[in-house]
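[1] Structure of the sequence below:
(4 chains)
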2 protein chains.
Amino acid sequence: MEVFWERGYEGTSIADLTAAMGIGAPSLYAAFSCKEELFQEAVALYDATEGEATNRALRDEPTARSAVEAMLRDNARNYARADRPTGCMIVLAATTASPRNDAIRALLAASRQRSIEALERRLEQGIADGDVPAKTDTASLAAFYVTVLEGLSIRARDGTSQETLDAIADYAMASWDALAPPATVA
Amino acid sequence: MEVFWERGYEGTSIADLTAAMGIGAPSLYAAFSCKEELFQEAVALYDATEGEATNRALRDEPTARSAVEAMLRDNARNYARADRPTGCMIVLAATTASPRNDAIRALLAASRQRSIEALERRLEQGIADGDVPAKTDTASLAAFYVTVLEGLSIRARDGTSQETLDAIADYAMASWDALAPPATVA
DNA sequence: TCATTTCTGTAGTGAACGCTACACATCGGA
DNA sequence: TCCGATGTGTAGCGTTCACTACAGAAATGA
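    Numbers count the residues shown, from 1 in each chain, chains lettered A, B, ... in the order given. This is a model prediction of the structure:
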């Protein structure tokens, strides 16, 4: 998973993977049918581990605002960690691809789409809870915050410091306060 | 340039390029010494053409706010155009790479860094002009808007509609109004 | 018209790709 | 101790990669 995360799908060879695992190619193919299936398993592992920060924020935070803020900040902290690849694997590992590998790109695009939809549902829950204005365009607002989150992955991969990533999250949350100030909630 | 833009550096083969150009490999190598140099020329062409929207916004718009807004909206419109690859080549063509091609990734990262610095200088000009609060952290604010811009490339590549990209730009500008309202300018 | 130069299409280089056949080592159960 | 099964290392499969030698076509200048 970490090799795919660091180098992307097309930038990772089977030799890279077997070297990282300390096994030979036949052992790898005894466990996974092909490179594509192995990548899918790596994505599933990534979702189950690194994706937990976002899931937790959307599930456990009391308000939609704090959920969005926690999603940005917790991921920003994870993206800049020095002990592993920077940024988000789902965002970085295959932004472009040869037509032969377009299914891989589409797989990650679908995962990103699910992130938008999960945030959108959380915003709708906020409307139901009364902490988000009823007239809010939840689809667009969810797209905005996922856009910032995806941009943070590029920033992190380019070496932007965690302090700056946090400042970016600040600016993004300022937008929330401008559009959905608590005072206007019924 | 369009092939690299669509498929990325590692996703593009010499055969893809010669097919798109309608020439043979020897003709290509008579004009460019290697794949990497050809890519650099494609990036230079991209900067000179597609980069003009951002340059124009930062150069010709009267205030820092309108410059940022024009940068986001003009690029958002370009990113979603149906007659060519979606999103920004500089952002998408090599977010990750094999160690062998890391120079390519670093080349694009340096170009992205220049975008942040160009925006930062425009914000400083806004302070000098009096349309940006003097206490503004120009480095962080520039990083924020470039983060949104880079996120828009991911969104565009995932097929997000131009209307939604525009709405995302709206939210990003709402952040400006929250942090740097015109009323507070001296 | 012809010699010279420039270009291009064919064909193929060595290396790296994803993937696999096969012999051998290792190990649990009888 | 022996046997069958499982798993691994070596070696190599066919293909594609970036890149090039070379011969013939096309274009240029006298």
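
[2] Near DNA strand C, which residues of chain A are found?
    Applying CB under 7 Å from any atom of the strand, we find that chain A lies next to DNA strand C at A:12, A:13, A:14, A:15, A:16, A:24, A:25, A:26, A:29, A:34, A:35, A:36. C-beta here means a position set from N, CA and C on the backbone, and glycine is covered the same way.

[3] neighbours of the fifth one, just the number please.
    So the one you mean is residue A:16. Number of residues near residue A:16 (other CB atoms under 10 Å in any protein chain shown) recorded here: 16.

[4] One more: the third one?
    Close neighbours of residue A:14, defined as other CB under 10 Å, add up to 13.

[5] could you measure the residue in chain A positioned nearest to DNA strand D against chain B, distance?
    Proximity of chain A to DNA strand D (CB to the nearest atom of the strand) peaks at residue A:24, 3.1 Å away. Distance, residue A:24 to chain B, by CB to the nearest CB, to the nearest Å: 21 Å.

[6] Not counting its neighbours along the chain, what's nearest that residue?
    Leaving aside its sequence neighbours, residue A:24 sits nearest to residue A:18 (CB to CB, 6 or more residues apart in numbering or on different chains; 6.0 Å).

[7] quick one: what helix or strand has the one you found in it?
    Assessed by DSSP states H and E, residue A:18 sits inside helix A:14-21.

[8] now for that helix, which elements pack on it?
    If you count contacts as 3 or more CB pairs under 8 Å, 6 or more residues apart in numbering or on different chains; DSSP states H and E, helix A:14-21 packs onto helix A:2-7, helix A:25-31.

[9] Return the set of buried residues in the following helix or strand past the longest one.
    Looking back up the chat, that one is helix A:25-31. Later in the chain than helix A:25-31, the nearest helix or strand by DSSP H and E is helix A:35-49. Buried positions in helix A:35-49, judged by neighbour count with 16 or more other CB atoms under 10 Å in any protein chain shown: A:35, A:38, A:39, A:42, A:43, A:46, A:47.

[10] Centroid-nearest residue for chain A?
    Nearest to the mean C-alpha position of chain A, by CA atoms, centre = their mean, lies residue A:88 at 5.3 Å.

[11] Next up, the contacts around that one.
    A:50, A:75, A:79, A:149, A:150, A:153 (CB atoms under 8 Å, 6 or more residues apart in numbering or on different chains).

[12] re earlier: the residue of chain A closest to DNA strand D: neighbour count?
    By other CB under 10 Å, 10 other residues sit near residue A:24.

[13] quick one: it and residue A:17 touch, right?
    No: distance between residue A:24 and residue A:17: 11.0 Å, which falls outside the contact criterion (CB atoms under 8 Å).

[14] residues in chain A within reach of DNA strand D, list them.
    A:23, A:24, A:25, A:26, A:27, A:30, A:98.
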